[in-house]
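>>> the sequence and its predicted three-dimensional model are supplied below.
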Amino acid sequence: MELVELISESFGTLVNNKMRSGLAILGIVIGIGSVIALLSLGQATQQSVSNQIESLGANLLTVSPGAVQTGAVRGAEGGRTTLTLDDANAIKTSPQITTLKNVSPESSRRTQSQPEATIQIRR
């Protein structure tokens, strides 16, 4: 078969099977549209997360207590309450740490566990 015959037969098949051709085109359009929509959504989400991280600032340092370990079971990060207000004052007045702008101690609670202490430092 020659190229002209192949093209002629292809167009003839498309014309004779209009419903099948229309559904195939519709499937292709929906598929391409959904891929574009998901890529756009992914990029928007990535940009949103990047903006939230950047809003924290590059000069913020958070100090959290370590995890609790009981036998072979290790608890969640910040499960121990070893930081106190004295720790925040010691960091703020330390002669070895000279580039601090502010020290902001904070305390938060998680469900029924002990309060978690966190120290945030801005340089």
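Cool, got the structure.
>>> poorly predicted segments of this structure, please.
Judged against pLDDT under 70, the low-scoring parts of the chain cover residues 1, 58, 66-81, 108-123.
>>> so in it, which helix runs the longest?
Determined from DSSP state H, the single longest helix within the chain is helix 18-56.
>>> flag every buried residue along that one.
Of the residues in helix 18-56, none is buried by neighbour count under the rule 16 or more other C-beta atoms under 10 Å. C-beta: built from backbone N, CA, C; applies to glycine.
>>> next structured bit after it?
strand 60-63 (DSSP states H and E).
>>> with only the CA atoms kept, save that next one in CSV.
The C-alpha trace of strand 60-63 is given here as CSV (Å, rounded to 0.1, in the frame of the first residue of the first chain):
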residue,chain,number,x,y,z
LEU,A,60,14.9,31.4,63.0
LEU,A,61,16.3,28.6,65.1
THR,A,62,13.9,26.4,67.1
VAL,A,63,15.3,24.3,70.0
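>>> who does it pair up with?
Strand pairing for strand 60-63, using DSSP bridges, gives strand 116-122 (antiparallel).
>>> contacting residues for residue 40?
Going by C-beta atoms under 8 Å, 6 or more residues apart in numbering, residue 40 touches no other residue.
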